[in-house]
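**Student:** sequence plus predicted model, see below.
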Amino acid sequence: MDTAVLSTGTDQHVGSESVLVSPSAVDPLWWRSAVIYQIYIRSFADGNGDGTGDLAGVRSQLGYLRDLGVDAIWFTPWYASPLADGGYDVEDYLTIHPSFGELAEAEALIREALALGIRTIIDVVPNHISDQHPWFKAALAAEPGSPERERFWFRPGRGTNGDEMPNHWVSNFSGDTWTRTTGADGTPGEWYLHLFTPEQPDLNWNHPDVRRMHEDVLRFWFDRGVAGVRIDSAALLVKDPALPEVPDVVAPGEHPNTDRDELHDIYRGWRAVADSYDGTRILVGEIWLPDVERFAKYLRADEMHTAFNFDFMSRPWRAGELRESIDSMLAAHAPVGAPSTWVLSNHDVTRPVTRYGRDDTSFAFATKRFHTPTDRALGTRRARAAALLTAALPGSLYVYQGDELGLPEAEELPLDLLQDPMYFRSDGIDPGRDGCRVPMPWSGDKPPYGFTPSGAASAPWLPQPDDWADLTVEAQVRDSGSMLSLYRTALGIRRSHPALGDGPFTWLDSEEDERNSGVLAFSRGLGFVSITNFSDAPVTLPDYTRLLLSSVPLENGLLPPDSTAWLRTQH
Ligand code: NOJ
């Protein structure tokens, strides 16, 4: 993206100051190739020294993001929230969480980032809301059958005293999906539905207030210059109002709480709101669906722009598996004309450096356990190869904060400091997601590694490991062989190379050849080839005119195991 072009944009008045909002003169297709950096704000940089990351911290590090070479930032929820689920329990969409800052700072940040050529994407959480939101408090205070309760899913219990749950849906965080209310006189009352924690009651999307409120939220933030929204749990919003049990075999579109056909109408409404703004304001879905054709339906021209490609992210580090995923995702996207996204991790997922060093290199929430052995050197080597592989694939790229530093999962956090409901709700069997949410190491040789300003009164909200001195930004900037240097170089090449980002893609060898050799090699338009070696022996490179970048040095001109090379080629 060209900063000079941005600065010729139209002035739009926002809040108390004028903001340059991406004008239509700027590439309307920016999102098809963008590199989007995910900021988990609690853990990025702490500006005020209270141990929690904040907007001031992000503003102070915008230069870091510019130098890294990203086109946009996606912020996980920054709204007022009791943080029962790290902010995915929103109390007020129009207010910034006081630990993070104020609305005026968010406006300033959006403006400052855009001046550096970086767009802002925010998170919206439409499936549920905080139990501290005024709507839910009013619902609890109201009678069964009242209009206040209609915005949620309240139901009487089953059984003689109503003490059995209305159904047996299983929570995404393990355990039950229903919590029983207690009346003012202390007697047990109705139950309410929550697909996640009890602090996150599900909204009833058949209710016009729910639809209206969310479209107003979109307008509120688009008015402030945000370039897009990431839609949390996007396939869960609509429920079968009869709330039946989940059948053993579910026909497409007939699951009582997932991927129901009525969802598409909601997103068409959202797309109309987004399209009423100048520049291209995008909708990005968090959609976990095994059926890639159903997944792609959300990406039709009048619905979302893109969605997270979790299929690729979840696959093991094996050529055949990854090739199959790439093929099936590209094939599913082609008919709807949407670009794929490429994602190695996020704030919910085991860090790639750790995951790729294990016996089982795939990702699944259900299999996460404490004390799983990992070979961090191997995992880091593969994570470097994966970084180049994904950055060369066609479409947009997501980088979760800290992956560009090669941070491992922090697996030795004291149990009494864990915060994630996934840990608590699994009775301590699932280690939860805190290990990928540990505050960033910026500088110095011991915690807090520059995460908090010097002399800060408070320690980081989650403790950082003692052995991260080599992983700080300061240490890695100086080291041309570091993960950070690899990311910077790769994103620089990606930005300037006309074949990268969105565009044509061709495998170099047949599927059978690649499966047998354990190599994935593909060209991107004319003159660019990416090759990854998954096998345990060095492989020969295809003919090339120049080595653009490799994740480890070549050995006698061969590509070593678990590495990727980018080549300039004649054809
Ligand atoms: C997906 C988010 O990424 C995750 O962090 C959150 O816990 C759930 N949705 C519920 O909002």
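**Tutor:** Arrived safely, thanks for sending.
**Student:** rest of the way, CA atoms for contacts and neighbours
**Tutor:** Will do.
**Student:** give the contact list for the residue nearest to Pro453 when sequence neighbours are not counted.
**Tutor:** Counting by CA to CA, 6 or more residues apart in numbering, Pro453 lies nearest to Gly49, which is 5.7 Å off, once chain neighbours are set aside. Counting by CA atoms under 8 Å, 6 or more residues apart in numbering, Gly49 touches 452-453, 455-458.
**Student:** and which of those is nearest to the ligand?
**Tutor:** The ligand has its nearest neighbour among the contacts of Gly49 in Thr452, at 23.7 Å by CA to the nearest ligand atom.
**Student:** could you check which residue of the chain lies nearest the ligand?
**Tutor:** Closest point on the chain to the ligand, by CA to the nearest ligand atom, is Tyr88, at 4.6 Å.
**Student:** tell me, how many residues neighbour that residue?
**Tutor:** Tyr88 has 26 neighbours, counted by other CA atoms under 10 Å.
**Student:** and the residue minimising distance to the centre of the chain, how far from Cys436?
**Tutor:** By CA atoms, centre = their mean, the chain has its centre lying nearest to Asn346, at 4.8 Å. Relative to Cys436, Asn346 is positioned 8 Å away (CA to CA, to the nearest Å).
**Student:** ok so, going back, secondary structure class for the residue of the chain closest to the ligand?
**Tutor:** Of the three states, Tyr88 takes coil under DSSP: H, G, I helix; E, B strand; the rest coil.
**Student:** from the centre of the chain, point out the most distant residue.
**Tutor:** For the chain, the largest distance from the centre (CA atoms, centre = their mean) belongs to Thr160, which lies 44.3 Å off.
**Student:** for Arg300, see how far away that one is.
**Tutor:** According to CA to CA, Thr160 and Arg300 sit 48 Å apart.
**Student:** same deal with Pro504?
**Tutor:** Between Pro504 and Arg300 the distance, using CA to CA, works out to 20 Å.
**Student:** these two: who's more crowded?
**Tutor:** Arg300 (17 against 14).
**Student:** my guess is that one contacts Ala334, does it?
**Tutor:** No: with contact defined as CA atoms under 8 Å, Arg300 does not count as touching Ala334 (10.4 Å).
**Student:** around the ligand, which positions in the stretch 251-400 of the chain sit nearby?
**Tutor:** Residues of the stretch 251-400 of the chain found near the ligand (CA under 6 Å from any ligand atom) are Asp348.
**Student:** and if we set it to 8 Å?
**Tutor:** With the criterion set to CA under 8 Å from any ligand atom, the stretch 251-400 of the chain comes near the ligand through 286, 346-348.
**Student:** and if you look at the chain?
**Tutor:** So the chain meets the ligand at 85-86, 88-89, 125, 127-128, 196, 232-233, 286, 346-348 (CA under 8 Å from any ligand atom).
**Student:** closest one to Arg546 out of those, please.
**Tutor:** Nearest to Arg546 among the residues of the chain next to the ligand, counting by CA to CA, is Asn346 at 33.4 Å.
**Student:** for that closest one, give me its contacts.
**Tutor:** Shown in contact with Asn346 (CA under 8 Å, 6+ apart): 38, 399-400.
**Student:** same thing with Ser325?
**Tutor:** With contact set as CA under 8 Å, 6+ apart, Ser325 has these partners: 311-312, 315.
**Student:** same check, this time on Ala227
**Tutor:** Here Ala227 is in contact with 22, 119-121, 279-282 (CA under 8 Å, 6+ apart).
**Student:** just how off-centre is whatever helix or strand Ala56 lives in within its chain?
**Tutor:** Here Ala56 sits within helix 55-60, counting by DSSP states H and E. Here helix 55-60 shows a centroid-to-chain-centroid distance of 20 Å under the convention CA atoms, centre = their mean, to the nearest Å.
**Student:** packing partners of the helix or strand just after it?
**Tutor:** Sequence order places helix 62-68 as the next helix or strand after helix 55-60, per DSSP H and E. Secondary-structure packing of helix 62-68 (3 or more CA pairs under 8 Å, 6 or more residues apart in numbering; DSSP states H and E): helix 483-496.
**Student:** okay, among the residues of the chain next to the ligand, which ones form the most distant pair?
**Tutor:** His128 and Asn346 (20.3 Å).
**Student:** any chance of the contacts of Ser325 in a markdown table, plus pLDDT?
**Tutor:** Listed next are the contacts of Ser325 as a markdown table, based on pLDDT from 0 to 100:
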| residue | pLDDT |
| --- | --- |
| Asp311 | 98 |
| Phe312 | 98 |
| Arg315 | 98 |
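**Student:** give the buried subset of the residues you listed as a PyMOL selection command.
**Tutor:** Buried residues among the contacts of Ser325 (16 or more other CA atoms under 10 Å), as a PyMOL selection:
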select buried, resi 311+312+315
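**Student:** secondary structure for the contacts of Ser325 - can I get that in TSV?
**Tutor:** Supplementary listing: the contacts of Ser325 in TSV, determined by three-state DSSP:
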residue	secondary structure
Asp311	helix
Phe312	helix
Arg315	coil
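**Student:** for the contacts of Ser325, which one is nearest Ala521?
**Tutor:** Using CA to CA, Phe312 is the member of the contacts of Ser325 that sits closest to Ala521, with 16.4 Å.
**Student:** how about Asn127, nearest residue that isn't a chain neighbour?
**Tutor:** Leu237 (4.7 Å).
**Student:** can you name the residues that contact the one you found?
**Tutor:** 126-127, 202-205, 257-258, 263.
**Student:** try Val170
**Tutor:** 176-177, 195.
**Student:** beta partners of it?
**Tutor:** Beta-bridge partners recorded for Val170 (DSSP bridges): Asp176.
**Student:** likewise for Ala565?
**Tutor:** Applying DSSP bridges, one finds that Ala565 bridges with Ile531, Ser550.
**Student:** pull the contacting residues for it.
**Tutor:** Listed by CA under 8 Å, 6+ apart, the contact set of Ala565 reads 388, 530-532, 547-551, 559.
**Student:** just the pLDDT for Arg355.
**Tutor:** pLDDT, the model's per-residue confidence, is 98 for Arg355.
**Student:** are any of the residues of the stretch 251-400 of the chain next to the ligand buried, and which?
**Tutor:** Neighbour-count burial (16+ other CA under 10 Å) is assigned, among these, to 286, 346-347.
**Student:** return the closest of those residues with respect to Arg151.
**Tutor:** Among those, and counting by CA to CA, the member closest to Arg151 is Glu286, at 22.9 Å.
**Student:** residue contacts, the closest one?
**Tutor:** 230-235, 307-308.
**Student:** all strands of the stretch 201-350 of the chain, in order?
**Tutor:** 228-231, 282-285, 306-307, 341-343 (DSSP state E, counting those that start in this stretch).
**Student:** Ala424: neighbour count?
**Tutor:** Careful, residue 424 is Phe; it's not Ala. Phe424 has 16 nearby residues by other CA under 10 Å.
**Student:** now do Gly269
**Tutor:** Every residue meeting other CA under 10 Å relative to Gly269 is counted, giving 15.
**Student:** try the one 3 residues further on
**Tutor:** Other residues lying near Ala272 total 13 when counted by other CA under 10 Å.
**Student:** and what of Asp466?
**Tutor:** Asp466: 11 neighbours (other CA under 10 Å).
**Student:** a helix runs through it, doesn't it?
**Tutor:** No: remark: Asp466 does not belong to a helix; assigned using three-state DSSP, it is coil.
**Student:** nothing else from me, thank you.
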